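Enquirer: Sequence and predicted model, in that order:
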Amino acid sequence: MEHTAVAEHHGGGTKEVIKVTIILSVLTVIELALGFAMMGMEQGSSLKLAIKGTIVILMLAKAFYIVGYFMHLKHEVKNLIMTIVVPLLLFVWFITAFLFEGNSFKHLKNTYDPYKKELSTKKAEKKEETKEIKTEEKKKAVE
Amino acid sequence: MSNEAALHHSVDVSTSHDTHGDGHMHHHHETFITKYVFSQDHKMIAKQFLITGMVWAVLGGLMSVLFRLQLGYPDSHFYWLEDILGKWWVKDGQITPEAYYALVTTHGTVLVFFVLTAGLSGTFANFLIPLQIGARDMASPFMNMLSYWFFFAASCVMLSSMFVETGPFSGGWTAYPPLSALGSASPGSKTGMDLWIVAMALFVVSSLLGGLNYIATILNMRTKGMSMTRLPLTIWALFFTAVLGVLSFPVLLSGFILLIFDRNFGTSFYLSDIFINGVGALPNEGGSAILFQHLFWFLGHPEVYIILLPAMGMVSEILSVNSRKPIFGYMAMIGSLFAIAILAFLVWAHHMFVTGLNPFLGSVFVLLTLLIAVPSAIKVFNWLTTLWRGNIRFTPAMMFAIGFVSLFISGGLTGIWLGNSALDIHLHDTYFVIAHFHIVMGVASMFGMFAGIYHWYPKMYGKHLNNTLGFIHFWITIAGAYLIFWPMHYEGLAGMPRRYYDYSNWESFKQFIDLNRFISTVAMIVFATQLLFLFNFFYSIFKGRKVTSRNPWQSNTLEWTTPIHPGHGNWVGEIPEVYRWPYDYGKDGVDFIPQTTPVGEEESHH
Amino acid sequence: MSTTTTAVPEKLWSGGKSPFKVEYGKLMMWYFLMSDAFTFGAFLIAYGTTRFATNGWPNPNEVFKSYPFAGENSHAPLVFVSIMTFILIISSVTMVLAVQAGQQMNKNKVVINLILTILGGAAFLSCQAWEWTHLFHEGAWWGRNPFMNADGTQSTTGFTNFFFTITGFHGFHVFSGVIINIVMLIMTLTDKFEKRGHYLMIEKAGLYWHFVDLVWVFVFTCFYLI
């Protein structure tokens, strides 16, 4: 690992840049294609969720190419790579705990605040009117 | 190839910087401004941090005396206070409720951030990192200077918030919305909160500038032979402190930015379903106040280790030097520092067990929280075994270091109680919590700071502090700390909540009137004793006993190889090379072997 | 740590030099970007948490469906934002080329590529300005959300609040990146780097610029795609 890091300190030159540019463009085009494919699908269907998951993976792949080649991290000394990548693992628990908590918050609200739940199922016809109704209802509820 | 060449070139610059000063230090023309005000010398910046921190410690301590006055003597009238503080703070000889909450809030903010973060790690990271790793100065002296001046600006803004018409922020140092997000919620949430948040944003910038500098310096600027495993434990502790700060303060900044939008731009990140008396129902929908708590404690929990780790590092060093014994379990100490630093990021929600946190998630947080007991216990055992059968020299620094260990044990044990989500239902927001975190984080870190000041004062000013005053300071402070916070455990177990203005109105808490009066009295005595320390500090700068030898404590680390009054650049001539770890005390019958001594052929291996 | 020290023949960690073979400025830039990653991470995670905690959410394809000079009723989701994305990727590429030219001490090439990068940044900012103006005229702003949830129910203002805050914060980063690049351009034109003998400053500016691009990858995915 070490000797390649020294030898390739300047990366693979223009060739590598072109290669990475093409990879990033292709990944973006695939993401966009998936985005278009997703449009007609029903909310919350499992296929849609799977596509969303794929998009997240593609996003991480893009991040890898930007950090690794454009920001040159792949050609740095291994220890430097570790000091930068390892702390980012903190994001795993950061994201998991926060999203889990957000989801649980939604369930709590839907279970113990039926008024909210009812509101969230009401179709909105015209924006201004509903807002007025809502504040009126709220005032009543407070009284 | 030019890049590589440039890299070596820049390295060359720094080495030639070392050599061309041989024989004498650089004699730049230093004016008063460049030497004492906008100084780029890490030692001067450290002193600036220390003295600013001391000013804040006095103010913050004074605030606690004032609100303890209210808690201990709720029925008395102190008309003379009205003359000093004015009508907003004291009415009819009593602290007003608004002032009481403002005092509690500012006491917390100031002590946690300005004294124990900037004053402690700012001082000793700046002072010790270049001296102990063998560097001329920080990686970027200019950014280091900026770091102090951002802190100074933050201090000015925070201080100015004390004088606005509606009073300083009074919603607790954690600044939970909606109290902090809505100006109409309380008087302190108006201009006071704006100033509070500006001061905190400046503080985050200061701590980031400082932290990046500390990390880059420790990694890049070590002298020849100073491998990572030859670093004194102080440096390891300060390194992890800086890492914690760099990774967690940005999250607080994000949380604050969202809070600013909620306050000023009509968003509802943290607001939902709010009715304010006199204002009516607010249109804000869809936010969650708990989100702020998550973001806040994602910083807030690492923050307690940002406060504690430098104290741990300094205590390790001082215990070893004054026991004339190598530190026990050097690698285990580093390992446990590392484990604490990691776990610090994984446990934030244990501050939020009763917010309606999902119980399953809560149980994971309980597990992770209790895991911290393992590295903490390792550290405690290592400190105790370092002391075991040592030739202990009871200097004031040593006394404070031992006091730190004592406080860390007694405060840490209650942490195991509080880390359990089931027990926390009863103990949350009671005086039990107050007692726990004041002992383990507040007073213990103050003890670490005092130990550091007593130990490195000769290096800072070339004078000794008065020992007798030091011992008086130590004994009254440790006795006082236990007398103040030990009884609070009982109050907390009895369910006495924190942040109440007057407990004598409650039948169930009336029994504690005498106890509260006792605590308040001790708090005042302890506060007065700190003034004794301040006198000792400033008197000794001018009139203290002069340091006559370079190495007054017979210590191994590099800072004692510099001249008694080191100039900017620290070493005269070459920076010394390092050949061994810093804890060769009592090895092969030799009392101490400095790090700069080459390893002899007949020396035993450790 | 000691095991890695002994394993590496060169003794990277033994002191007296950088264990990473980089100067301190680059190291600080990397760690600054790490901390900035946590700033953006916290924003995006807060956004995700709020979205998970809310019953409905507007469909981005219904919100971002227009582009400049299009008619009132244009329906072209993802088109404009993909242009923005490509602008940023290309400006990142020109930045890499500027850094490489700097390593070869090729001043003219540095100047050309820096100018292209600055233009790319300015183009991105213009696109963002247009998009914000367009949304503002549709009634969207901090605290105001004219869009309904995907299922036709009344939505909260969370969507617009987070959208404007996070893209605004990202736009602020792009803006400061453009300023930094302009400073680099001036320093290059006045031969500051030639005199120093190296273009290391441009490498650091490049790191910052790529980071801005990196953040956009995440913002783009989180707001426009999923």
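Expert: Happy to help now that I have it.
Enquirer: make it CA atoms for all contacts and neighbour counts henceforth
Expert: Fine.
Enquirer: Just give the number of residues close to the nearest residue to C:F124 once chain neighbours are set aside.
Expert: Leaving aside its chain neighbours, C:F124 sits nearest to C:M84 (5.9 Å; criterion: Cα to Cα, 6 or more residues apart in numbering or on different chains). Per other Cα atoms under 10 Å in any protein chain shown, the neighbour tally for C:M84 reads 20.
Enquirer: ditto for B:V110
Expert: Neighbours around B:V110, by other Cα under 10 Å: 23.
Enquirer: A helix includes it, no?
Expert: Yes: remark: B:V110 belongs to a helix, assigned using DSSP: H, G, I helix; E, B strand; the rest coil.
Enquirer: Quick check, it in contact with B:G61.
Expert: No: counting by Cα atoms under 8 Å, B:V110 stays clear of B:G61, with 9.5 Å between them.
Enquirer: now the residue nearest to C:F124: how far from chain A?
Expert: 12 Å (Cα to the nearest Cα, to the nearest Å).
Enquirer: mind pulling up the phi and psi values for that residue?
Expert: Main-chain dihedrals, C:M84, degrees, to the nearest 10: phi -60, psi -40.
Enquirer: now C:N106
Expert: Dihedral angles for C:N106 - degrees, to the nearest 10 - are phi -100, psi 90.
Enquirer: contacts for stretch B:134-146?
Expert: B:18, B:38-42, B:45, B:126, B:129-130, B:206, B:209-210, B:213-214, B:216-217, B:220-223, B:558-559, B:568-571, B:575-576, C:24 (Cα atoms under 8 Å, 6 or more residues apart in numbering or on different chains).
Enquirer: From the residues you listed, which land in helices?
Expert: Counting by DSSP state H, those place B:18, B:42, B:45, B:126, B:129-130, B:206, B:209-210, B:213-214, B:216-217, B:220, C:24 in helices.
Enquirer: which helices and strands sit right next to the longest helix along chain A?
Expert: Longest helix in chain A by number of residues (criterion: DSSP H): helix A:13-38. Contact here means 3 or more Cα pairs under 8 Å, 6 or more residues apart in numbering or on different chains; DSSP states H and E; on that basis helix A:13-38 packs against helix A:46-65, helix C:79-103.
Enquirer: what angle sits between the shortest one and helix A:13-38?
Expert: Here the directions of helix A:46-65 and helix A:13-38 differ by 170 degrees (axes from the mean of the first three to the mean of the last three Cα atoms, to 10 degrees).
Enquirer: Quick check: buried residues in helix A:46-65?
Expert: A:48, A:51-52, A:55-56, A:58-59, A:62-65 (16 or more other Cα atoms under 10 Å in any protein chain shown).
Enquirer: try stretch B:57-76
Expert: Buried, per 16+ other Cα under 10 Å, within stretch B:57-76: B:57-74.
Enquirer: So which bits of the stretch 201-350 of chain B are right by chain A?
Expert: The stretch 201-350 of chain B comes close to chain A at residues B:280-281, B:283, B:294, B:345-346, as judged by Cα under 8 Å from any Cα of the partner chain.
Enquirer: With chain B instead?
Expert: B:280-281, B:283, B:294, B:345-346, B:357-358, B:361.
Enquirer: thinking C:D36 is in contact with B:V251, fair?
Expert: No: counting by Cα under 8 Å, B:V251 is not a contact partner of C:D36; they are 9.0 Å apart.
Enquirer: Could you check which of the two is surrounded by more residues?
Expert: Neighbour totals were compared for C:D36 and B:V251, and B:V251 leads with 27 against 20 (other Cα under 10 Å).
Enquirer: Just the mean pLDDT for stretch B:303-318, thanks.
Expert: The pLDDT scores in stretch B:303-318 average 96.
Enquirer: likewise stretch B:452-462?
Expert: 96.
Enquirer: just how off-centre is that stretch within its chain?
Expert: 18 Å (Cα atoms, centre = their mean, to the nearest Å).
Enquirer: which secondary element of chain A has the worst mean pLDDT?
Expert: helix A:2-7 (a mean of 36; mean pLDDT, DSSP states H and E).
Enquirer: all strands of chain C, in order?
Expert: With strands called from DSSP state E, chain C shows none.
Enquirer: ok, and what's touching stretch B:302-309?
Expert: Outside stretch B:302-309, the residues touching it (Cα under 8 Å, 6+ apart) are B:112, B:116-117, B:120-121, B:237-238, B:240-242, B:244-245, B:248, B:337, B:340-341, B:344-345, B:441, B:444-445.
Enquirer: Can you tell me which residue sits nearest the middle of chain B?
Expert: B:L116 (2.4 Å; Cα atoms, centre = their mean).
Enquirer: How about that one: what's its closest non-neighbour residue?
Expert: B:I307 (5.6 Å).
Enquirer: Next secondary structure after the helix or strand encompassing that neighbour?
Expert: B:I307 is part of helix B:289-323 when elements are defined by DSSP states H and E. Per DSSP H and E, the first helix or strand lying C-terminal to helix B:289-323 is helix B:330-344.
Enquirer: quick one on the thing from earlier: next up, the contacts around the residue nearest to the centre of chain B.
Expert: B:53, B:307, B:442, B:445-446.
Enquirer: As a markdown table, these with secondary structure and neighbour count would be great.
Expert: Formatted as a markdown table, the contacts of B:L116 follow (DSSP: H, G, I helix; E, B strand; the rest coil; neighbours: other Cα atoms under 10 Å in any protein chain shown):
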| residue | secondary structure | neighbour count |
| --- | --- | --- |
| B:G53 | helix | 25 |
| B:I307 | helix | 26 |
| B:G442 | helix | 20 |
| B:S445 | helix | 28 |
| B:M446 | helix | 22 |
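Enquirer: Closest one to chain C out of these, please.
Expert: B:I307 (19.1 Å; Cα to the nearest Cα).
Enquirer: Next one: the closest one relative to B:F408, how far apart?
Expert: 13 Å (Cα to Cα, to the nearest Å).
Enquirer: anything in contact with each of those two?
Expert: Joint contacts of B:I307 and B:F408 (Cα under 8 Å, 6+ apart) are B:M441.
Enquirer: Nearest to the spatial middle of chain A, which residue is it?
Expert: Geometric middle of chain A (Cα atoms, centre = their mean) lands on A:V56, at 5.8 Å.
Enquirer: residue contacts, the residue lying closest to it once chain neighbours are set aside?
Expert: Distances taken as Cα to Cα, 6+ apart place C:T221 nearest to A:V56, at 7.4 Å, with adjacent residues excluded. Contact partners of C:T221, counting by Cα under 8 Å, 6+ apart, are A:55-56, A:59.
Enquirer: separation between C:T221 and C:V81?
Expert: 11 Å.
Enquirer: now swap in B:S320 and tell me
Expert: Taking Cα to Cα, one finds B:S320 at 61 Å from C:V81.
Enquirer: quick one: pLDDT of the residue nearest to C:F124?
Expert: 94.
Enquirer: Over to B:P566. Which of the three states is it?
Expert: Under three-state DSSP, B:P566 comes out as coil.
Enquirer: Any idea how many residues pack against it?
Expert: With other Cα under 10 Å as criterion, B:P566 counts 19.
Enquirer: repeat for A:G44
Expert: Using other Cα under 10 Å: A:G44 sits among 8 other residues.
Enquirer: would you say it is within a helix?
Expert: No: A:G44 sits outside any helix when classified using three-state DSSP, being coil.
Enquirer: Got the confidence number for it?
Expert: 75.
Enquirer: That one and A:I95, how far apart?
Expert: Applying Cα to Cα to A:G44 and A:I95 gives a distance of 20 Å.
Enquirer: Over to B:L384?
Expert: When B:L384 is compared with A:I95 (using Cα to Cα), they lie 39 Å apart.
Enquirer: How about A:G13?
Expert: Separation of A:G13 from A:I95 (Cα to Cα) stands at 36 Å.
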